[in-house]
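K.L.:
coords below, sequence missing:
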């Protein structure tokens, strides 16, 4: 096999990181992080907090200051309980915003979330609006109910703000009406959650993106979430570890730049409350730990 072919294989699978020591990986990680990301999921919850708790402006400000040097965009997940302050503070720091309304099975909360998103957009704090996150995946609303919220937001928002919906990449393949309603496709792509080994994870993510891109019919596709946990039990071939989390981050960011793919990395800070929903890996998706120290 000629070296030219080897290079092609490497670029499909990502950078050649297998022979790197932990120290070597840490150096590459720091260099890539310093080079900056397109976007990152903003994790607001401190130790002992969880969704539904009120979050303070002080904690948002402190965390925003930490991530500011490394990202152009942030993604927020809710427009209530203090989360509505996240996009306002991001704008102060010159960071662009993908702002999400969190929709679930509580009609009152849904109403507040949608009102909050519309208000933030009208006040100039929203660059992309996301109406719901994995609502179809969880089964919290019917497709018709979700579409109702999406069209309500689209009709109310200034026309220059794209409106989308966040879900697993394959939902856009299976639900053409939702894909049709989106101005932009916000696809969550997690090779980890499909049990893919680290070695093939970048190739796997490229395939996920291809599926979403085909379904999108020419609309822009953004990877709204992807990441790899640094600790925990693992899932089939997918193994969480300190080294694997660094490798995944490095490969994702290098590919994002090389192929011009907009990626929101998940996530900024470790959040312990996520253990309930995801098992012990839930607490370890951050680039920074729960005490806001860089992990790598």
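P.N.:
The structure has been received and is ready for your questions. Remember, it's a predicted structure, so these values are computed and weren't measured experimentally.
K.L.:
From one end of stretch 275-287 to the other, what's the distance?
P.N.:
From its first residue to its last, stretch 275-287 covers 17 Å (C-alpha to C-alpha, to the nearest Å).
K.L.:
Figure out how far it is from the centre of its chain.
P.N.:
On the basis of C-alpha atoms, centre = their mean, to the nearest Å, stretch 275-287 sits 14 Å off its chain's mean C-alpha point.
K.L.:
And that stretch, what's buried?
P.N.:
Going by neighbour count (16 or more other C-beta atoms under 10 Å), the buried part of stretch 275-287 is 281, 282, 283, 284, 285, 286, 287. Heads up, the C-betas are built off the backbone N, CA and C, glycines and all.
K.L.:
How about stretch 190-207?
P.N.:
Within stretch 190-207, the residues that count as buried by 16+ other C-beta under 10 Å are 190, 191, 192, 194, 196, 198, 201, 202, 204, 205, 206.
K.L.:
Closest to residue 73 out of the buried residues of stretch 275-287?
P.N.:
Closest approach between those and residue 73, by C-beta to C-beta: residue 287, at 14.9 Å.
K.L.:
Thought residue 29 was touching that closest one, still the case?
P.N.:
No: using C-beta atoms under 8 Å, residue 287 is not in contact with residue 29; the gap is 9.1 Å.
K.L.:
what sits in contact with each of those two?
P.N.:
Counting by C-beta atoms under 8 Å, 6 or more residues apart in numbering, the shared contacts of residue 287 and residue 29 are 249, 296.
K.L.:
In three-state terms, label the residue nearest in space to the middle of the chain for me.
P.N.:
By C-alpha atoms, centre = their mean, the chain has its centre lying nearest to residue 225, at 2.5 Å. Secondary structure, DSSP: H, G, I helix; E, B strand; the rest coil: residue 225 is strand.
K.L.:
next one: residue 120
P.N.:
helix.
K.L.:
show me the contacts for residue 251.
P.N.:
14, 15, 17, 201, 202.
K.L.:
For the stretch 101-250 of the chain, which segments count as strands?
P.N.:
Counting by DSSP state E, counting those that start in this stretch, the stretch 101-250 of the chain has strands at residues 128-133, 163-168, 184-188, 221-226.
K.L.:
So which residues of the stretch 51-200 of the chain form helices?
P.N.:
Shown for the stretch 51-200 of the chain, the helices assigned by DSSP state H, counting those that start in this stretch span residues 57-67, 85-92, 107-122, 135-138, 143-156, 169-174, 176-181.
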